[in-house]
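The following comprises the amino acid sequence and a computationally predicted model.
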Amino acid sequence: MTNPSLTVVIPATTAGDAGAPAPLAPRARFFPSLAAVYKAQLSRARVSRIPLLFVATFQSVGIMILMRGVVDGGGGSEARAVVAGSSVLVVAFVALNLLAQYFGQLRASGGLDHYATLPVPPASVVLGAAAAYASFTLPGVLVTAVFGCVLFGLPMGGLWILVAVVPLAGAALAGLGAALGLLAPRQELATLAGQLGMSAALLLGVLPPERMPDVIAWARDLLPSTYGVEAFARTFAPHPDWAAVGLDLGVCGVVGVVSLAVATKAYRRAAVR
(Lines give C-alpha, C1' and ligand atoms only; values in the text may rest on other atoms or scores of the structure.)
Protein backbone atom coordinates (compact mmCIF):
# COMPACT_ATOMS: atom_id res chain seq x y z
CA MET A 1 0.00 0.00 0.00
CA THR A 2 1.38 3.33 -1.06
CA ASN A 3 1.68 6.15 1.47
CA PRO A 4 0.31 9.36 -0.15
CA SER A 5 2.54 11.56 2.01
CA LEU A 6 5.68 10.02 0.42
CA THR A 7 4.57 10.44 -3.14
CA VAL A 8 6.98 12.62 -5.18
CA VAL A 9 5.55 14.50 -8.08
CA ILE A 10 8.08 14.94 -10.94
CA PRO A 11 7.19 17.71 -13.40
CA ALA A 12 6.84 16.61 -16.96
CA THR A 13 9.62 17.58 -19.33
CA THR A 14 9.78 17.53 -23.04
CA ALA A 15 12.55 15.97 -25.09
CA GLY A 16 13.83 19.39 -26.11
CA ASP A 17 14.17 20.59 -22.48
CA ALA A 18 16.14 17.57 -21.26
CA GLY A 19 19.80 18.40 -20.74
CA ALA A 20 19.47 22.00 -22.00
CA PRO A 21 22.09 24.30 -20.39
CA ALA A 22 20.94 27.27 -18.37
CA PRO A 23 21.25 30.57 -20.23
CA LEU A 24 24.36 32.60 -19.33
CA ALA A 25 24.26 36.21 -18.28
CA PRO A 26 25.19 38.66 -21.04
CA ARG A 27 28.86 39.65 -21.20
CA ALA A 28 29.67 43.06 -19.75
CA ARG A 29 29.96 45.85 -22.29
CA PHE A 30 33.34 47.41 -23.03
CA PHE A 31 32.92 50.99 -21.81
CA PRO A 32 31.18 50.20 -18.48
CA SER A 33 33.88 47.57 -17.85
CA LEU A 34 36.60 50.07 -18.74
CA ALA A 35 35.13 52.64 -16.35
CA ALA A 36 34.91 50.10 -13.52
CA VAL A 37 38.52 48.93 -13.96
CA TYR A 38 39.72 52.53 -14.26
CA LYS A 39 38.01 53.60 -11.03
CA ALA A 40 39.29 50.55 -9.15
CA GLN A 41 42.86 51.06 -10.36
CA LEU A 42 42.75 54.80 -9.68
CA SER A 43 41.56 54.19 -6.11
CA ARG A 44 44.33 51.65 -5.62
CA ALA A 45 46.94 54.00 -7.08
CA ARG A 46 45.73 56.87 -4.93
CA VAL A 47 46.51 54.87 -1.81
CA SER A 48 49.69 53.01 -2.74
CA ARG A 49 51.34 55.10 -5.45
CA ILE A 50 51.37 58.61 -3.96
CA PRO A 51 54.80 58.10 -2.32
CA LEU A 52 56.18 56.82 -5.63
CA LEU A 53 54.72 59.81 -7.46
CA PHE A 54 56.51 62.05 -4.99
CA VAL A 55 59.74 60.18 -5.72
CA ALA A 56 59.20 60.57 -9.49
CA THR A 57 58.56 64.30 -9.15
CA PHE A 58 61.49 64.81 -6.77
CA GLN A 59 63.73 62.88 -9.16
CA SER A 60 62.77 65.06 -12.13
CA VAL A 61 63.17 68.27 -10.14
CA GLY A 62 66.59 67.11 -8.95
CA ILE A 63 67.67 66.41 -12.54
CA MET A 64 66.66 69.93 -13.59
CA ILE A 65 68.61 71.44 -10.70
CA LEU A 66 71.64 69.39 -11.72
CA MET A 67 71.33 70.38 -15.38
CA ARG A 68 70.92 74.05 -14.44
CA GLY A 69 74.60 74.04 -13.56
CA VAL A 70 75.61 73.24 -17.14
CA VAL A 71 72.69 74.59 -19.21
CA ASP A 72 71.93 78.29 -19.48
CA GLY A 73 68.44 79.59 -18.87
CA GLY A 74 66.62 82.20 -20.86
CA GLY A 75 64.66 80.17 -23.40
CA GLY A 76 67.38 78.40 -25.38
CA SER A 77 66.78 75.05 -27.07
CA GLU A 78 68.81 73.22 -24.43
CA ALA A 79 66.78 74.68 -21.57
CA ARG A 80 63.56 73.74 -23.35
CA ALA A 81 64.77 70.16 -23.80
CA VAL A 82 65.70 69.81 -20.14
CA VAL A 83 62.37 71.12 -18.82
CA ALA A 84 60.25 69.18 -21.31
CA GLY A 85 62.24 65.98 -20.87
CA SER A 86 62.15 66.16 -17.08
CA SER A 87 58.39 66.72 -17.12
CA VAL A 88 57.68 63.74 -19.39
CA LEU A 89 60.08 61.66 -17.30
CA VAL A 90 57.46 61.66 -14.54
CA VAL A 91 55.08 59.94 -16.96
CA ALA A 92 57.77 57.42 -17.92
CA PHE A 93 58.50 56.58 -14.29
CA VAL A 94 54.87 55.86 -13.44
CA ALA A 95 53.24 54.74 -16.70
CA LEU A 96 56.15 52.70 -18.06
CA ASN A 97 58.22 51.57 -15.10
CA LEU A 98 55.54 50.98 -12.47
CA LEU A 99 53.01 49.52 -14.91
CA ALA A 100 55.58 47.01 -16.21
CA GLN A 101 56.24 45.97 -12.62
CA TYR A 102 52.51 45.79 -11.84
CA PHE A 103 51.60 43.48 -14.72
CA GLY A 104 54.75 41.44 -14.18
CA GLN A 105 53.72 40.93 -10.56
CA LEU A 106 50.15 40.06 -11.56
CA ARG A 107 51.39 37.43 -13.99
CA ALA A 108 53.86 35.92 -11.52
CA SER A 109 51.41 35.80 -8.59
CA GLY A 110 48.44 34.49 -10.56
CA GLY A 111 46.55 37.74 -10.22
CA LEU A 112 45.60 37.61 -13.89
CA ASP A 113 43.41 34.61 -13.06
CA HIS A 114 41.14 36.92 -11.05
CA TYR A 115 40.59 39.22 -14.02
CA ALA A 116 40.19 36.25 -16.34
CA THR A 117 37.20 35.01 -14.30
CA LEU A 118 35.41 38.35 -14.64
CA PRO A 119 32.98 38.75 -17.57
CA VAL A 120 34.82 41.79 -18.91
CA PRO A 121 36.67 42.24 -22.22
CA PRO A 122 40.46 41.84 -21.92
CA ALA A 123 41.01 45.22 -23.56
CA SER A 124 39.09 46.96 -20.75
CA VAL A 125 41.48 45.50 -18.15
CA VAL A 126 44.60 46.68 -19.98
CA LEU A 127 43.18 50.06 -20.97
CA GLY A 128 41.68 50.70 -17.53
CA ALA A 129 44.94 50.02 -15.72
CA ALA A 130 46.98 51.99 -18.28
CA ALA A 131 44.62 54.98 -18.13
CA ALA A 132 44.70 55.02 -14.33
CA TYR A 133 48.47 54.98 -14.17
CA ALA A 134 48.80 57.61 -16.94
CA SER A 135 46.27 60.05 -15.45
CA PHE A 136 47.86 59.60 -12.04
CA THR A 137 50.98 61.38 -13.33
CA LEU A 138 49.36 64.73 -14.17
CA PRO A 139 49.97 66.47 -10.80
CA GLY A 140 53.65 65.52 -10.82
CA VAL A 141 54.07 66.68 -14.42
CA LEU A 142 52.51 70.06 -13.63
CA VAL A 143 54.69 70.61 -10.56
CA THR A 144 57.82 69.66 -12.50
CA ALA A 145 56.94 71.86 -15.47
CA VAL A 146 56.17 74.93 -13.36
CA PHE A 147 59.35 74.51 -11.31
CA GLY A 148 61.38 74.07 -14.51
CA CYS A 149 59.92 77.19 -16.09
CA VAL A 150 60.83 79.23 -13.02
CA LEU A 151 64.30 77.68 -12.78
CA PHE A 152 65.21 78.19 -16.44
CA GLY A 153 63.24 81.38 -17.07
CA LEU A 154 60.85 79.86 -19.61
CA PRO A 155 57.34 81.19 -20.35
CA MET A 156 54.39 79.35 -18.83
CA GLY A 157 51.89 80.25 -21.50
CA GLY A 158 52.29 76.90 -23.26
CA LEU A 159 51.71 74.68 -20.25
CA TRP A 160 48.17 74.03 -21.43
CA ILE A 161 49.64 71.63 -24.01
CA LEU A 162 50.25 69.21 -21.13
CA VAL A 163 46.52 68.42 -21.27
CA ALA A 164 47.29 66.67 -24.57
CA VAL A 165 50.88 65.58 -23.90
CA VAL A 166 50.16 63.68 -20.68
CA PRO A 167 47.35 61.40 -21.97
CA LEU A 168 48.94 60.75 -25.36
CA ALA A 169 52.50 60.20 -24.14
CA GLY A 170 51.03 58.37 -21.15
CA ALA A 171 49.07 56.03 -23.43
CA ALA A 172 52.17 55.23 -25.47
CA LEU A 173 54.35 54.62 -22.40
CA ALA A 174 51.64 52.80 -20.44
CA GLY A 175 50.97 50.49 -23.37
CA LEU A 176 54.68 49.80 -23.67
CA GLY A 177 54.96 49.18 -19.91
CA ALA A 178 51.96 46.83 -19.89
CA ALA A 179 53.34 44.91 -22.86
CA LEU A 180 56.74 44.55 -21.21
CA GLY A 181 55.17 43.32 -17.99
CA LEU A 182 52.90 40.80 -19.72
CA LEU A 183 55.46 39.51 -22.21
CA ALA A 184 58.31 39.07 -19.73
CA PRO A 185 58.59 35.38 -18.74
CA ARG A 186 59.60 36.30 -15.17
CA GLN A 187 58.70 39.07 -12.76
CA GLU A 188 62.35 40.06 -12.36
CA LEU A 189 62.69 40.55 -16.10
CA ALA A 190 59.57 42.72 -16.16
CA THR A 191 61.06 44.92 -13.44
CA LEU A 192 64.35 45.10 -15.31
CA ALA A 193 62.61 46.03 -18.56
CA GLY A 194 60.65 48.78 -16.84
CA GLN A 195 63.81 50.19 -15.26
CA LEU A 196 65.67 50.12 -18.57
CA GLY A 197 62.79 51.84 -20.33
CA MET A 198 62.70 54.61 -17.74
CA SER A 199 66.49 55.00 -17.97
CA ALA A 200 66.20 55.35 -21.73
CA ALA A 201 63.54 58.04 -21.28
CA LEU A 202 65.89 59.82 -18.88
CA LEU A 203 69.03 59.68 -20.99
CA LEU A 204 67.41 60.26 -24.38
CA GLY A 205 64.67 62.67 -23.34
CA VAL A 206 66.30 65.05 -20.87
CA LEU A 207 69.65 65.61 -22.57
CA PRO A 208 69.64 68.17 -25.41
CA PRO A 209 69.58 66.36 -28.79
CA GLU A 210 72.03 68.83 -30.34
CA ARG A 211 74.87 67.40 -28.25
CA MET A 212 74.20 63.75 -28.99
CA PRO A 213 76.01 61.55 -31.54
CA ASP A 214 74.02 60.54 -34.60
CA VAL A 215 73.58 56.96 -33.39
CA ILE A 216 72.06 58.15 -30.11
CA ALA A 217 69.86 60.61 -31.98
CA TRP A 218 68.51 57.76 -34.12
CA ALA A 219 67.81 55.68 -31.03
CA ARG A 220 66.04 58.69 -29.57
CA ASP A 221 63.58 58.67 -32.46
CA LEU A 222 62.54 55.11 -31.53
CA LEU A 223 61.47 56.08 -28.01
CA PRO A 224 57.76 57.03 -27.77
CA SER A 225 58.28 59.59 -25.01
CA THR A 226 60.63 61.58 -27.28
CA TYR A 227 57.69 62.85 -29.32
CA GLY A 228 55.88 64.04 -26.21
CA VAL A 229 59.06 65.84 -25.14
CA GLU A 230 59.42 67.47 -28.56
CA ALA A 231 55.77 68.56 -28.62
CA PHE A 232 56.09 70.18 -25.19
CA ALA A 233 59.48 71.76 -25.93
CA ARG A 234 58.21 73.41 -29.13
CA THR A 235 55.60 75.39 -27.19
CA PHE A 236 58.35 77.37 -25.41
CA ALA A 237 59.42 78.99 -28.68
CA PRO A 238 58.27 82.58 -29.35
CA HIS A 239 56.35 81.36 -32.41
CA PRO A 240 55.61 77.63 -31.97
CA ASP A 241 55.29 75.39 -35.00
CA TRP A 242 51.86 74.01 -34.20
CA ALA A 243 51.88 71.68 -37.19
CA ALA A 244 55.02 70.00 -35.83
CA VAL A 245 53.45 69.88 -32.37
CA GLY A 246 50.38 68.16 -33.79
CA LEU A 247 52.53 65.71 -35.71
CA ASP A 248 54.50 64.76 -32.59
CA LEU A 249 51.30 64.26 -30.63
CA GLY A 250 49.90 62.19 -33.49
CA VAL A 251 52.91 59.89 -33.34
CA CYS A 252 52.33 59.45 -29.60
CA GLY A 253 48.71 58.57 -30.28
CA VAL A 254 49.56 55.99 -32.97
CA VAL A 255 52.22 54.37 -30.79
CA GLY A 256 49.73 54.32 -27.92
CA VAL A 257 47.12 52.47 -29.98
CA VAL A 258 49.65 49.93 -31.27
CA SER A 259 51.31 49.31 -27.89
CA LEU A 260 47.97 48.95 -26.10
CA ALA A 261 46.81 46.49 -28.77
CA VAL A 262 49.99 44.45 -28.27
CA ALA A 263 49.48 44.56 -24.50
CA THR A 264 45.87 43.38 -24.89
CA LYS A 265 46.98 40.45 -27.02
CA ALA A 266 49.70 39.60 -24.50
CA TYR A 267 47.10 39.74 -21.71
CA ARG A 268 44.84 37.28 -23.53
CA ARG A 269 47.73 34.88 -24.01
CA ALA A 270 48.92 35.18 -20.40
CA ALA A 271 45.42 34.86 -18.91
CA VAL A 272 44.65 31.51 -20.58
CA ARG A 273 47.84 29.84 -19.36
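On my side now, so go ahead.

which residues touch the residue nearest the centre of the chain?
Note on the chain: the residue nearest the mean C-alpha position is residue 174, at 2.1 Å, using C-alpha atoms, centre = their mean. Residues counted as contacts of residue 174 (C-beta atoms under 8 Å, 6 or more residues apart in numbering) are 95, 96, 99, 129, 130, 131, 133, 134, 256, 259, 260. Glycine gets a C-beta too; all of them are placed from N, C-alpha and C.

Show me what the strand or helix carrying the fifth one is packed up against.
Spelled out, it's residue 130. Per DSSP states H and E: residue 130 is located in helix 122-135. Applying 3 or more C-beta pairs under 8 Å, 6 or more residues apart in numbering; DSSP states H and E, one finds that helix 122-135 makes contact with helix 30-48, helix 99-109, helix 162-183, helix 242-271.

For residue 118, which of these is the nearest?
Ranking these by proximity to residue 118 (C-beta to C-beta) places helix 30-48 first, at 8.2 Å.

Next, the angle from that closest one to helix 122-135.
Angle, helix 30-48 to helix 122-135, by axes from the mean of the first three to the mean of the last three C-alpha atoms, to 10 degrees: 40 degrees.

which residues touch helix 30-48?
If you take C-beta under 8 Å, 6+ apart as the criterion, helix 30-48 is touched by 120-121, 123-125, 127-129, 131-133, 135-136.

between it and helix 99-109, how many degrees?
Interaxial angle, helix 30-48 versus helix 99-109 (the same axes, to 10 degrees): 100 degrees.

Show me which positions of helix 30-48 end up buried.
Along helix 30-48, these residues count as buried under the neighbour rule (16 or more other C-beta atoms under 10 Å): 33, 34, 37, 38, 41, 42, 45.

Also stretch 62-75?
63, 64, 67, 71, 73.

Closest one to residue 203 out of these, please.
residue 63 (10.8 Å).

Give the rounded mean pLDDT of the helix or strand hosting that closest one.
Taking DSSP H and E as the definition, residue 63 sits inside helix 50-68. Helix 50-68 comes out with an average pLDDT of 86.

Among the helices and strands packed on helix 122-135, show me which one is buried the most.
Ranked by mean neighbour count, the helices and strands packed on helix 122-135 are led by helix 162-183 with a mean of 27 (mean count of other C-beta atoms under 10 Å).

That one: what's the following helix or strand?
helix 187-206.

if I look at residue 118, how far off is residue 43?
In this view, residue 118 and residue 43 are 17 Å apart by C-beta to C-beta, to the nearest Å.

quick revisit: can you tell me what sits against the helix holding residue 63?
82-83, 86-87, 89-90, 93-94, 98, 136-137, 139-140, 143-144, 147-148, 151-152, 202, 206.

now those residues: which count as buried?
82-83, 86-87, 89-90, 93-94, 98, 136-137, 140, 143-144, 147-148, 151-152, 202, 206.

So which of those sit within helices?
If you go by DSSP state H, those have 82-83, 86-87, 89-90, 140, 143-144, 147-148, 151-152, 202, 206 in helices.

And for residue 208, the neighbour number?
Look at residue 208: counted by other C-beta atoms under 10 Å, it has 17 neighbours.

Now do the contacts for it.
With C-beta under 8 Å, 6+ apart, residue 208 has these contacts: 71, 77, 78, 81, 82.

No further queries at this time; thank you.
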